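Colleague: fold the stuff below for me.
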Amino acid sequence: MNAETMDAARPLAVGSRNLARIYALEAKYEFLKLLRLPAYSLPTIAFPAVFYALFTVTYGSHQIGGVQAAAYMLATYGTFGVIGAALFGFGVGVAVERGQGWLLLKRASPMPPGAYFAAKCAMSLVFGAIIVTVLSVLGALLAGLRLPPGEWLGLGLVQMAGAFPFCALGLAFGTWCGPNSAPAVVNLVYLPMSLASGLWMPLSILPAFLRHLAPWMPPYHLAQLALKVVGGDAGQPVWLHVGALALVTAISLGLARAGLRRDADQTYG
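Modeller: This next block holds a predicted model:
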């Protein structure tokens, strides 16, 4: 490589390092902001942990779907927690910041537009990882849950990867809901959808109409992928669940793009 080629390549390398630093700093400060916001961090982590601890102490040694109840509920309540972190971190966060004009300021800044959304996605994954870790520790301590290392790792990876469709869904809520209505709207969708998907109680003990409704609920498909890791799923093929989540992602991103375009049209005409 001659000197001219090296000189031409240097700005690109510096730019790449600067871009990576921008993304990293945006993610860092997004994490610190959410960590210092008890209204988000405490319920997001505590809600699934308290429910899991309660049911694990009571039923942890029982069998559900041929597996230990503590393992079954780790998959379902872990899914519940990861989805909550994604929906509230993205949905309510974006809606509030849109209402405050913060999103408009970000657009006007020289920061890459993707850094804002990547930071929120990263922090949803971080909080999701914290939730899964807390539930795993509770399962081991309260119910003596023991899984092969591959299942512990596989369960965490599936739930982390499954957070992306719900980040997209949260973004759709955030771009269409107002700052005051977003928490209520997200809760009105999140809680009934979780119940109908069998995240709180096994589908086998729910009413028949909910068992028929469950496959139409996005959380059901992530829960089934997580349950497949521990051997407690309903036996449906992986491609069915992955395809359903991919469809949810595509529709949600389309709605979010339309919402952002609407905001831009209203702002700039």
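Colleague: from here on, contacts and neighbour counts on C-alpha atoms
Modeller: Fine.
Colleague: what's around residue 212, how many residues?
Modeller: When counting by other C-alpha atoms under 10 Å, one arrives at 12 neighbours for residue 212.
Colleague: now residue 187
Modeller: By other C-alpha under 10 Å, 14 other residues sit near residue 187.
Colleague: could you say which helix or strand holds it?
Modeller: helix 182-196 (DSSP states H and E).
Colleague: now do the same contact list for residue 121.
Modeller: 86, 90, 164, 167 (C-alpha atoms under 8 Å, 6 or more residues apart in numbering).
Colleague: my bad, residue 34
Modeller: Residue 34 sits in contact with 40-41, where contact means C-alpha under 8 Å, 6+ apart.
Colleague: just checking, next helix/strand downstream of the helix or strand that it is a member of?
Modeller: Take DSSP H and E as the rule and residue 34 turns out to sit in helix 3-35. Counting by DSSP H and E, the next helix or strand C-terminal to helix 3-35 is helix 38-59.
Colleague: how about that next one: buried residues?
Modeller: 40-41, 44-45, 48-49, 52-53, 56, 59 (16 or more other C-alpha atoms under 10 Å).
Colleague: which one of those residues is nearest to residue 175?
Modeller: Distance to residue 175, by C-alpha to C-alpha, is smallest for residue 40 among these, at 18.9 Å.
Colleague: which ones are touching the closest one?
Modeller: Counting by C-alpha under 8 Å, 6+ apart, residue 40 has contacts 34, 88-89.
Colleague: what do you get if the cut-off is 10 Å, keeping everything else the same?
Modeller: By C-alpha atoms under 10 Å, 6 or more residues apart in numbering, the contact list for residue 40 reads 33-34, 85, 88-89, 92-93.
Colleague: also residue 193?
Modeller: Contacts were defined as C-alpha under 10 Å, 6+ apart; by that measure residue 193 touches 187, 199, 213-214, 216-220.
Colleague: pLDDT on stretch 223-236, on average?
Modeller: For stretch 223-236, mean pLDDT is 95.
Colleague: now the helices for the stretch 151-269 of the chain?
Modeller: 163-176, 182-196, 208-213, 218-230, 238-268 (DSSP state H, counting those that start in this stretch).
Colleague: got the angle between the first one and helix 182-196?
Modeller: In other words, helix 163-176. Helix 163-176 and helix 182-196 are oriented at 140 degrees to each other (axes from the mean of the first three to the mean of the last three C-alpha atoms, to 10 degrees).
Colleague: next, the angle helix 218-230 makes with helix 163-176.
Modeller: 160 degrees.
Colleague: so how far is helix 163-176 off the chain centroid?
Modeller: Averaging C-alpha positions (C-alpha atoms, centre = their mean, to the nearest Å) puts helix 163-176 9 Å from its chain's average.
Colleague: where does the prediction get shaky in the stretch 151-269 of the chain?
Modeller: Low-confidence segments of the stretch 151-269 of the chain (pLDDT under 70): 267-269.
Colleague: redo that, cut-off 90
Modeller: 178-179, 204, 260-269 (pLDDT under 90).
Colleague: dump the helices of the stretch 151-269 of the chain into TSV; add distance to residue 28 as well.
Modeller: As requested, these are exported to TSV (distance: least, C-alpha to C-alpha, whole Å):
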stretch	distance to residue 28
helix 163-176	18
helix 182-196	24
helix 208-213	39
helix 218-230	28
helix 238-268	24
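Colleague: mean neighbour count, the ones you listed: which tops it?
Modeller: Comparing the helices of the stretch 151-269 of the chain by mean neighbour count (mean count of other C-alpha atoms under 10 Å), helix 163-176 ranks first with a mean of 27.
Colleague: output the contacting helices and strands for that one.
Modeller: The contact analysis (3 or more C-alpha pairs under 10 Å, 6 or more residues apart in numbering; DSSP states H and E) places helix 163-176 against helix 69-86, helix 93-100, helix 113-143, helix 182-196, helix 218-230, helix 238-268.
Colleague: now render those as TSV, adding distance to residue 154.
Modeller: Listed next are the helices and strands packed on helix 163-176 as TSV, based on distance: least, C-alpha to C-alpha, whole Å:
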stretch	distance to residue 154
helix 69-86	11
helix 93-100	29
helix 113-143	12
helix 182-196	22
helix 218-230	7
helix 238-268	14
